[in-house]
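Asker: could you work out the structure for the sequence below:
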Amino acid sequence: MMRRLLLLTPLLLAACITPPAQRSGTGQLVLRTVPEGATVSFSDGTECRTPCRIVVPGPLYLTIGRTGYEAVRERVDARTPSPLVIEMTPVARTEEIEAAELPEL
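Answerer: Numbering: from 1, shown residues only. Next comes the predicted model:
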């Protein structure tokens, strides 16, 4: 009986250990966009260009932008699955330009 308990002890302890990212409220997050090369601006003032890896200390709001694509706003936290892949939507091109909208030269 004692031998069985000694054999099971490491398994029981392993089940009780919480990963450090969950204990401290921080986690690493890989951000990717389709297409790559978008600029990501975070609510804490930092920026990166995708693909990038960040440490998430707590809830963060981010804005993802790239020329020719609609901006995307997301909320991330330590529990956000990694990698986070954002598919960006192209901005619709207009075919006609009204002459009244053009500036005088």
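Asker: quick one: the strands in the protein, in order.
Answerer: Along the chain, counting by DSSP state E, strands occupy 27-34, 39-42, 47-49, 52-56, 60-65, 72-76, 84-87.
Asker: and of the ones you listed, who's closest to residue 93?
Answerer: With respect to residue 93, and counting by Cβ to Cβ, the nearest of the strands of the chain is strand 60-65 at 17.7 Å. In this view, the C-beta of every residue, glycine as well, is placed from N, C-alpha and C.
Asker: list the contacts of stretch 29-48.
Answerer: 49-56, 60-66, 69, 76, 80, 82-88 (Cβ atoms under 8 Å, 6 or more residues apart in numbering).
Asker: first-to-last residue distance for that stretch?
Answerer: 12 Å (Cα to Cα, to the nearest Å).
Asker: on that earlier part again, columns mean neighbour count, distance to residue 93 and mean pLDDT on top of the strands of the chain, output as CSV?
Answerer: Compiled in CSV, these are given as follows (neighbours: other Cβ atoms under 10 Å; distance: least, Cβ to Cβ, whole Å; pLDDT from 0 to 100):
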stretch, mean neighbour count, distance to residue 93, mean pLDDT
strand 27-34, 17, 19, 92
strand 39-42, 17, 21, 94
strand 47-49, 13, 24, 94
strand 52-56, 15, 29, 91
strand 60-65, 17, 18, 94
strand 72-76, 14, 19, 94
strand 84-87, 14, 19, 94
